[in-house]
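Chemist: I would like to see how this sequence folds:
(chains A and B)
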Amino acid sequence: MLTELEQIQTGGLAELSGITDETGLENFRVAYLGKKGRLTALAAGMRNVSSDQKAAVGAKLNEVRNALGNGIDEKLELLQSAKDAEAAKGIDLTLPGRPAASGALHPLTRLRDRAVQALRRMGFALADGPEIETEWHCFDALNTPADHPARNEKDTFYLPDGRLLRTHTSTVQVRTMETAKSLPIRIIAPGAAYRRDEIDATHLSVFNQLEGLYVDRDVSLADLKGTLEFFFQEIFGSGTQVRFRPHFFPFTEPSFEIDIKLEAKGQEAKWIEIAGCGMVDPAVFEAISKTRGDKVFDPAEVTGFAFGLGLDRLAMILHGITDIRHLIENDVRFLAQF
Amino acid sequence: MKVSLSWLKMHIELADLNVDKMRDLLTFAGIEVEGVEVRGIDSDKIVVAQILESKQHPNADRLSVCQVDDGSGTPRQIVCGAKNYKVGDKIPLALPGATLPGGIVIKEGKLRDVQSNGMMCSGRELGLTDDSAGLLILDAGAPVGKLFRDLQPPDVIFDLEITPNRPDLLSHFGLARELAALTGKKLNAPAELNTAAEKTATPKEIRLEAADGCPLYTARIIRGVTVAPSPEWLQVRLQSIGLRPINNIVDITNFVLHETGHPLHAFDLAKLDGAIIVRHAADSESITTLDGIVRTLDSSDLVIADSSKALAIAGVMGGSDSGVIEGTKDILLESAYFIPAGIRRTARRLGLSSDSSYRFERGVDPQNARKASALAVKLILEIAGGQADTEQLVAGEAPQLTHDVILDEDRALKLLGIPDLSREEMERVLSSLGLQKSGDAWSIPSYRMDLQRSIDLVEEVSRVIGLDRVPGRTSGAFTSSQNPDRAYDFAMSLRHALVNRGWFEAQTLRLVSVAQLHDVLGPPVSADKTVTVKNPLSEDHTTLRPGIVPGLIATAALNIRQGQARLRFFEIGRVFLTNPNGTSREEERIALLLSGPSQPISWHEKDSAPADVYDLRGTLEALTGSSLDLAPKPLDGWLLSAEVKRGSKTLGWIAQLHPARAREIDSRNPVYVAELSLSALQQGTQGAAKFTELPRFPGMTRDVALEVPADLPNAKIGEFFGGQQKKEPMLTGAEVFDVFADPTGQKLASDKKSMAWRLTYRSPERTLESKEVDEAHARILKVLLGTLPAVIR
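Modeler: Next up is the predicted model:
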């Protein structure tokens, strides 16, 4: 029996070394160590072995089983690592990736959302109003003189019924105050506005603005300055310099234009006009109070500030876009850049 | 408005302010500096020279050879091409080494074989005037050899934007007055003027028939003037701010306008027929204005006329027949006050804006009319000679446009938000601007018509002090979100969902053409059922879009032209609809356009099949997070079309562009579009989702392939199984998993299709046994065969 075991060990190991694939190895394992394998069959003969030989045969049996078992494990590892190495062959990591779906938001949407998110963190809620407006909402209520040039048909689109396409989102100030139940008012209104400009590299007849309004009993220039400085630093970075230049708008007094200092590529930092703002003119509160017929917006009691910025221009500055028409043409090669 | 620094310096000392400081000063006073230009030349190589001799160039007909005295004692030879000089004239001479504006360096050299040692210059070559016709002839008194820059120092021209509330700044004196107030510098007293005695005009002299548009009209008559070119200083002043000198009288009126801000007009007295009449124009009365254009007027316009004809459009422009020209001897000098609204209306209607109308329509100071006239008279007598009448004819009366204003100091301090601002400082600021406090009230100078209310004074204080001393406050009220907030968030979530699926967001113009209405998705929209603009800029932008799809089709066309085949565009935005009663409404929509390969083309995906309507439907369902129903409804002009529904609610439309239209935009692939109402979509997405308990026991599936008529909609089969779920509680789901048709008829009759469905059976209480599932399945199929025109394959 010992001789037989010896033969199985030598023969088995020799056979093992010639095996080249996993199926052969499995067949080998079954042939030797399986239920009907040679070693298993031989082991069944143990009970016939004389008791004085039992220990020696048993030891040998274990030795052969271990030798074959280890041999199989080693061989398996060898075969698997060879196969693993094969699996990586032919993969060229320098080939482009399989395209995953990727679209893009319009750059104006991205910018608008950035502004909206910043202002919401500062406690502003969104407001909305129609784009087809009455002259009263667009001009009269906003203290614009009856013969102001902006009302001209040369500059403003009118409908046959006398209504017009709003020339600014400031109409939402009026809409909001008309219907507000109580103070404070703290709103922003992104939206489209219209001006009768021929479309060229720097003009669109429809453009995008963002309006803001804060009205309460004790709103001062300190609120205007703090809010807008914070806002523009949120958008352009905390170190951004913001300056307020006195200006004139019919519906705010005092009024300011806001510049920020921006570095264009390869150029010296320049002051760029970016927004208009001011304290709500008491005449606006008067017009609102008159139409509401109550004292919620009593000009003697309430104050507020308003601001507005042009998103198209801002997007152009921010991204270095040279022609405003890119914003309405929607060439994928343009959109994919943002 | 162009402003000359050297002109300003006549009124105020500004030597300590360089250009940058001036720019800052103006900017923070609320005056936008749109441009700064240096005019003239700062060179130590350009001198005053006198022409001693001029001879014809031997080799060139157009050139002459001059000897000039440059002050060195030795005559200098210069070859010159100009013709406008005579021997003895003094001219600017650029010596060798001088650099002219534009970078030209003067060198000694030969011109057609004759030595030339410098260049005699024109005004244009020195950057002084726009006149390049000949040499700049200097005053006879200019000292030979003197540096030209000492004779005519270089000037800085500011291009300023004056806001409409500050007409008092539309002049050099007005601006100097403002700068003096802001800097505390002394304003030089204006030259002593002899204002003439006033005489109320008789109807034979002035008939003021339109006091509604012209409250004040004054005239001064000057006889025996000599009309001639203006002296050099006056020409330089006007040219420095971009005006063309005409003759001494006209130039003086222009000078006074830019000096005082008050427009004047000079008439040739000989051309006047009787009294000056200030009246409304007759309807369709016409006049030829100074620019040679015939203007047709109406009764809202104001004219200055005589008894036979209109002489000028009041405050806007003079007529070509009554102006001062060479040979005019006697003049009538008008100084009047016209009501801004009337001037604005006329100027706008005629499309005619002049320096005069620009000022009158913003508002000039009526109290300034006499002073402006007196200054002009003084200059005319000095420059053009003649004799002025001792009296100024006056009709009407200068209106008082300012009144005392009480400043609410407490509210002012609160609004300004400057902690260390005192009442005294506010008063100092207002006083510096020429306001005077008497008792509680501030009296306002007549030129500050913009200061009418307490808030106007607050603005002045804020403007002068600036915002630097205002500490920014970063606090504010809490606000609750409103419907616009929810709509915004919903729209943004759709945008992100689409972008993450490979879609590009477009933004197209809201103004479209009538032709584009054919592309509106839905029942046809005729032009009279749209919102149209009364005064469009062009045919392309007449109509407020009643749908977004037309814009997306234009977007697709543009991208196809650029070689893009794979198109995935969406837009979220507003459309404009008309109601049956003629009113309009605005609605937010989302529209999508899909065309081209379903997968991006790359090295491992060379030609993927074109996307089809199921791709678009799948995207819509992913967006809405729910299954949608498509109810086919034919639409003219679309190949396939269906209403998109969720339950009984119609959300919008889905369609395939008609191939004929697709070919028009050069699309080689089918084009699919959808347009849905955003608010309808948003409904049903609100509120927290309710959790359904997960099934605890395994389910079993059974497949069945049905052979049905090719035109049987899948939805019919779905409806059947849906109905069966109520009768067979074990049936919990059914879905189609394969569709097969064979147009050749070989594997399946060509009028049939095979629909394979997978049914899921499950009980919430226990694990089902095969046998009971088989029985239920058989029952269902039996009913199916009795209900639908189907055969089990």
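Chemist: how many neighbours does residue 119 have?
Modeler: Since you didn't name a chain, this refers to chain A. Neighbourhood size, residue A:119 [other CB atoms under 10 Å in any protein chain shown]: 23. C-beta here means a position set from N, CA and C on the backbone, and glycine is covered the same way.
Chemist: Please refer instead to chain B.
Modeler: Using other CB under 10 Å, residue B:119 has 23 neighbouring residues.
Chemist: One more: residue A:62?
Modeler: There are 11 residues near residue A:62, going by other CB under 10 Å.
Chemist: for the helix or strand of chain B with the lowest mean pLDDT, packing partners?
Modeler: Every helix and strand in chain B was compared by mean pLDDT, DSSP states H and E; the lowest is helix B:148-151, with a mean of 86. Applying 3 or more CB pairs under 8 Å, 6 or more residues apart in numbering or on different chains; DSSP states H and E, we find helix B:148-151 packed against strand B:46-56.
Chemist: Just after the strand it packs on, pick out the following helix or strand.
Modeler: Downstream of strand B:46-56, the next assigned helix or strand under DSSP states H and E is strand B:64-69.
Chemist: What residues sit buried inside the least confident helix or strand of chain B?
Modeler: Using 16 or more other CB atoms under 10 Å in any protein chain shown as the test for burial, helix B:148-151 gives B:148-149, B:151.
Chemist: and if you look at stretch B:272-279?
Modeler: Neighbour-count burial for stretch B:272-279 [16+ other CB under 10 Å]: B:272, B:275-279.
Chemist: Assign the residue nearest the centre of chain A to helix, strand or coil.
Modeler: Centroid check for chain A by CA atoms, centre = their mean gives residue A:110 as the closest residue, at 8.0 Å. Assigned with DSSP: H, G, I helix; E, B strand; the rest coil, residue A:110 falls in the helix class.
Chemist: right, and it touches residue A:338 too?
Modeler: Yes: between residue A:110 and residue A:338 there is a contact at 6.1 Å, judged by CB atoms under 8 Å.
Chemist: got a markdown table for the buried residues of helix B:148-151, with distance to residue B:602 too?
Modeler: Output for the buried residues of helix B:148-151, formatted as a markdown table (distance: CB to CB, whole Å):
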| residue | distance to residue B:602 |
| --- | --- |
| B:148 | 71 |
| B:149 | 69 |
| B:151 | 75 |
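Chemist: quick one: which of these is nearest chain A?
Modeler: Closest approach between these and chain A, by CB to the nearest CB: residue B:149, at 29.5 Å.
Chemist: Find the nearest non-adjacent residue to the closest one, please.
Modeler: Excluding its sequence neighbours, the residue lying closest to residue B:149 (CB to CB, 6 or more residues apart in numbering or on different chains) is residue B:42, at 5.3 Å.
Chemist: Show me what stretch A:77-87 is in contact with.
Modeler: A:20-22, A:25 (CB atoms under 8 Å, 6 or more residues apart in numbering or on different chains).
Chemist: ok, and for it, which residues are buried?
Modeler: residue A:79.
Chemist: roughly how far out does it sit from the chain middle?
Modeler: Centroid displacement of stretch A:77-87 relative to its chain, using CA atoms, centre = their mean, to the nearest Å, is 43 Å.
Chemist: what mean pLDDT would you report for that stretch?
Modeler: Regarding stretch A:77-87, the rounded mean pLDDT is 87.
Chemist: Stretch A:287-298 now?
Modeler: Here stretch A:287-298 scores 96 as its mean pLDDT.
Chemist: Tell me who's in contact with residue A:190.
Modeler: Residue A:190 neighbours (CB under 8 Å, 6+ apart): A:112, A:115-116, A:126, A:169, A:208-211, A:311.
Chemist: What helix or strand is it located in?
Modeler: strand A:185-194.
Chemist: then that strand to PDB, C-alphas only?
Modeler: Provided in PDB are the C-alpha atoms of strand A:185-194 (Å, rounded to 0.1, in the frame of the first residue of the first chain):
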ATOM      1  CA  ILE A 185     -41.100  92.900   1.400                       C
ATOM      2  CA  ARG A 186     -37.900  91.100   0.600                       C
ATOM      3  CA  ILE A 187     -38.000  89.800  -2.900                       C
ATOM      4  CA  ILE A 188     -35.900  89.100  -6.000                       C
ATOM      5  CA  ALA A 189     -37.400  88.700  -9.500                       C
ATOM      6  CA  PRO A 190     -35.300  87.300 -12.300                       C
ATOM      7  CA  GLY A 191     -37.000  87.700 -15.700                       C
ATOM      8  CA  ALA A 192     -37.000  88.900 -19.200                       C
ATOM      9  CA  ALA A 193     -37.400  92.500 -20.300                       C
ATOM     10  CA  TYR A 194     -37.700  94.100 -23.700                       C
END
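Chemist: Strand partners (parallel or antiparallel) of it?
Modeler: Using DSSP bridges, the strands paired with strand A:185-194 are strand A:125-126 (parallel), strand A:206-216 (antiparallel).
Chemist: Which residues outside the helix or strand that the shortest one is followed by are in contact with it?
Modeler: By that I understand strand A:125-126. The helix or strand immediately downstream of strand A:125-126 is strand A:132-133, counting by DSSP H and E. Residues outside strand A:132-133 that contact it (CB under 8 Å, 6+ apart): A:159, A:163-166, A:171, B:531, B:544, B:576, B:584, B:586.
Chemist: With stretch A:191-201 instead?
Modeler: A:128-129, A:131, A:153-157, A:165-169, A:172, A:203-211, A:322-325, B:510-511, B:535, B:537, B:573-574.
Chemist: average pLDDT across the strand holding residue A:190?
Modeler: 96.
Chemist: related to what we said a few turns ago, which single one of the contacts of strand A:132-133 is nearest to residue A:50?
Modeler: Residue A:50 lies nearest to residue B:586 out of these, by CB to CB, at 105.7 Å.
Chemist: No further queries at this time; thank you.
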